[in-house]
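Participant: Predicted model and sequence below, questions to follow.
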Amino acid sequence: MDRKAALPLPEGSEAGLCQAERRGLGQSPIMNEKNALSSLKETWHKIDNLYDLYAKSVGLNFASILILQLLHDSAKTYTQKDLCEKLGLPKQIVNSIMRSFWERGYVELKEAKDRRNKDIILTDAGVQYAVAVLQPLENAETTAWDSFSAEDVSYLAATMGKFVRAFKGALEG
């Protein structure tokens, strides 16, 4: 597809657009590339904000939720360095969250293979805490996904994966 070609506006997507973009909808049934990118950014920020609001409602921050999800949902063990790299978080943030989880008894640190790092493992209390915090979030995500057809979910996942790869390539030059 020509990158300069106008993109068709998905039906019902007006709710995700800013006021200026909605005004432009009356003029044309198509969305140009700039408006599409602006709409994507706005939607992305709204999603991040929803996760942040949920995190705050359970006494955490967004980074804590990301770490808790990763530790709970993965069979792999992680070091703080791994978490920083995987989630793109600063070392100080990860260290502060790990210290808080450790003080509450949610994680334990075990010597890793290279001895310079520690593997982070959820304790039984940590697993119970993760389930209590993450299950309502997962239920909400599932309810949202269930409102889409299987084709929509597949298309969205494939398209977002393609965008991430292209964006990464563009950033790497």
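Facilitator: Received, thanks.
Participant: now the strands for this protein?
Facilitator: 7-8, 30-31, 107-111, 118-122 (DSSP state E).
Participant: and the third one, how far from the chain's centre?
Facilitator: Between the mean C-alpha location of strand 107-111 and the chain-wide mean there is a distance of 26 Å, by Cα atoms, centre = their mean, to the nearest Å.
Participant: what's the longest helix in this structure?
Facilitator: Ranked by residue count, the top helix of the chain under DSSP state H comes out as helix 33-57.
Participant: Output the strands of the chain in CSV, with mean neighbour count, distance to Leu156 and mean pLDDT appended to each entry.
Facilitator: For every residue, glycine as well, the C-beta is placed using N, CA and C. Shown next, in CSV, are the strands of the chain (neighbours: other Cβ atoms under 10 Å; distance: least, Cβ to Cβ, whole Å; pLDDT from 0 to 100):
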stretch, mean neighbour count, distance to Leu156, mean pLDDT
strand 7-8, 12, 15, 38
strand 30-31, 18, 17, 60
strand 107-111, 15, 33, 92
strand 118-122, 18, 30, 93
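Participant: give me every residue that touches Val94.
Facilitator: Applying Cβ atoms under 8 Å, 6 or more residues apart in numbering, one finds that Val94 lies in contact with 63, 67, 80, 83-84, 87.
Participant: Show me the beta-bridge partners of Glu111.
Facilitator: Counting by DSSP bridges, Glu111 is bridged to Lys118.
Participant: In this structure it contacts Ile121, no?
Facilitator: No: counting by Cβ atoms under 8 Å, Ile121 is not a contact partner of Glu111; they are 11.3 Å apart.
Participant: ok, Asn84 - contacts?
Facilitator: One correction, residue 84 is Cys, not Asn. Listed by Cβ under 8 Å, 6+ apart, the contact set of Cys84 reads 90-91, 94.
Participant: who's in contact with the residue sitting nearest the centre point of the chain?
Facilitator: Ranked by distance to the mean C-alpha position of the chain (Cα atoms, centre = their mean), the top residue is Asp48 at 6.8 Å. By Cβ under 8 Å, 6+ apart, Asp48 lies in contact with Phe62.
Participant: Repeat that for the one 10 residues further on.
Facilitator: By Cβ under 8 Å, 6+ apart, the contact list for Val58 reads Val133.
Participant: Now do it against Ala36, distance only.
Facilitator: Separation of Val58 from Ala36 (Cβ to Cβ, to the nearest Å): 34 Å.
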